[in-house]
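> Any chance you can model this:
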Amino acid sequence: MKKLTKKRRAVEGKVDKTKEYSLQEAMALVKEVNTTKFDASVDLHVRLGIDPRKADQALRGTVSLPHGTGKTKRVLVFCTPDKVDEAKAAGADHVGLEDYIQKVTEGWMDVDVVIATPNVMAQLGKVARILGPRGLMPNPKTGTVTNDIAAAVQEVKKGKIAFRVDKFGIVHASVGRVSFTPEQLTENAFELLTTLVRMKPASAKGTYMKSIAVASTMSPGIAVDPKTIKI
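Model (predicted):
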């Protein structure tokens, strides 16, 4: 523990808590202050000037990151037998219906993304209370309820991520790993920020992008100046 404390203390000194960095500076710095021995996730935290309690401001959506997330997503597809081969050929890790509904009911959750065809959604009511709180319930808005199973699976495997605003108006999303170059991290983050700007609700008043921070797993947070991001 003492070694970790010393490491953390050393990197904390490299981050000026009174400063807001440009996105490019923040992405270079987050690599420098990472203290983990593994390829940690780099996460973006964006506080928006919205009220998630209002239906039209409860943002959720997807974005395809140009450089992917650096992590292979485990995909579960709920579908009827006629779609099983298509899903498997596209790269789905788990494919089925009643057997996987049973597994999820029993506590199995070894997946990152769940996709379903529209004709099986009624049957997923049995596991909605399990998948919903984890952000895994298939939804047409995120492209995870579709008849084009192959395209949906392939997009996830290439780097498409889903995001949604939490009850505090903050979007949290992974935009890569510390092994990425600062340029790759910057381009991924910019793609997410551009998507959020496009999704700005018409009813949102005042400053929309209130604050942006970037951090890797167990690293100090680095504030980003929203004014330096030209979208």
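
> for the record, mean pLDDT for the lengthiest helix in the chain?
Across the chain, the longest stretch assigned as helix under DSSP state H is helix 182-198. The pLDDT scores in helix 182-198 average 96.

> go on, stretch 13-25?
Mean per-residue pLDDT for stretch 13-25: 89.

> residues in contact with it?
Judged by CB atoms under 8 Å, 6 or more residues apart in numbering, the contacts made with stretch 13-25 from elsewhere in the structure are 29, 32-33, 182-183, 186, 189-190, 212, 220-225, 228-229. C-beta coordinates here come from the backbone N, C-alpha and C atoms, glycine included.

> If we use 10 Å, what do you get?
When contacts are defined by CB atoms under 10 Å, 6 or more residues apart in numbering, stretch 13-25 is touched by residues 26-30, 32-33, 44, 182-183, 185-187, 189-190, 193, 211-215, 219-230.

> and the residues you listed, which of them are in strands?
When strands are assigned by DSSP state E, the members of the contacts of stretch 13-25 inside them are Leu44, Ser211, Ile212, Ala213, Val214, Ala215, Ile222, Ala223, Val224.

> is it possible to export those residues to TSV including neighbour count?
Listed next are the ones in strands among the contacts of stretch 13-25 as TSV, based on neighbours: other CB atoms under 10 Å:
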residue	neighbour count
Leu44	25
Ser211	16
Ile212	25
Ala213	19
Val214	24
Ala215	20
Ile222	25
Ala223	17
Val224	26
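
> which non-adjacent residue is nearest Gly206?
Leaving out its chain neighbours, the residue that sits closest to Gly206 by CB to CB, 6 or more residues apart in numbering is Gly49, at 5.1 Å.

> give me every residue that touches that neighbour.
The neighbours of Gly49, taking CB under 10 Å, 6+ apart as the test, are Gln57, Gly169, Lys200, Ala204, Lys205, Gly206, Thr207, Tyr208, Met209, Lys210, Ser211.

> Give the bridge partners for the last one, please.
The one in question is Ser211. Here Ser211 sits in beta bridges with Arg47, going by DSSP bridges.

> I figured it hits His45, correct?
Yes - if you go by CB atoms under 10 Å, Ser211 and His45 touch, sitting 8.2 Å apart.
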